[in-house]
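# Dropping the sequence and predicted coords here.
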Amino acid sequence: MERVLHCECGFEARAEDEDRLVAEVQHHAREAHGMALSHEEALLLAFRVQLGARTPPTISRDTAPRTDKEGL
């Protein structure tokens, strides 16, 4: 079964299996957004696809660290 992950920039990662999807997500995040996603972070996005999330999961471009005040 093909898995698809949509990025906020319009890119779609498509793969027939989980490992390939993770590799696609990691490659795109690094090349297009300068983000180094761990295998686990990319796998979490892939799991959301596999679990059938109602809205397509996205890779957030917001990489700024949160401050303590943002959660209040």
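Looks like it arrived, so ask away. Numbering: from 1, shown residues only.

# hey, let's count contacts and neighbours off CA atoms from now on
Fine.

# Now do the buried residues in the helix ranked longest in the chain.
Longest helix in the chain by number of residues (criterion: DSSP state H): helix 18-33. Buried residues in helix 18-33, counted by 16 or more other Cα atoms under 10 Å: 18, 21-29.

# List the contacts of the closest residue to Glu24 other than its chain neighbours.
Nearest residue to Glu24, sequence neighbours excluded (Cα to Cα, 6 or more residues apart in numbering): Ala13, at 5.9 Å. Contacts here follow Cα atoms under 8 Å, 6 or more residues apart in numbering; on that basis Ala13 touches 4-7, 21, 24-25.

# Give me the contacts around stretch 15-34.
1-5, 13-14, 35-39, 42-43, 46, 59, 61.

# redo that, cut-off 7 Å
Under the contact criterion Cα atoms under 7 Å, 6 or more residues apart in numbering, stretch 15-34 has outside partners 1-4, 13-14, 35-37, 39, 42-43, 46, 61.

# and the residues you listed, which of them are in helices?
Filtering the contacts of stretch 15-34 for helices - DSSP H - leaves 39, 42-43, 46.

# For Leu51, state which of the buried residues of helix 18-33 is nearest.
Glu18 (12.2 Å; Cα to Cα).

# re the thing from before, mind putting the contacts of Ala13 in TSV, distance to Leu51 and pLDDT included?
Output for those, formatted as TSV (distance: Cα to Cα, whole Å; pLDDT from 0 to 100):
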residue	distance to Leu51	pLDDT
Val4	12	81
Leu5	12	82
His6	15	80
Cys7	18	82
Leu21	14	87
Glu24	19	92
Val25	17	90
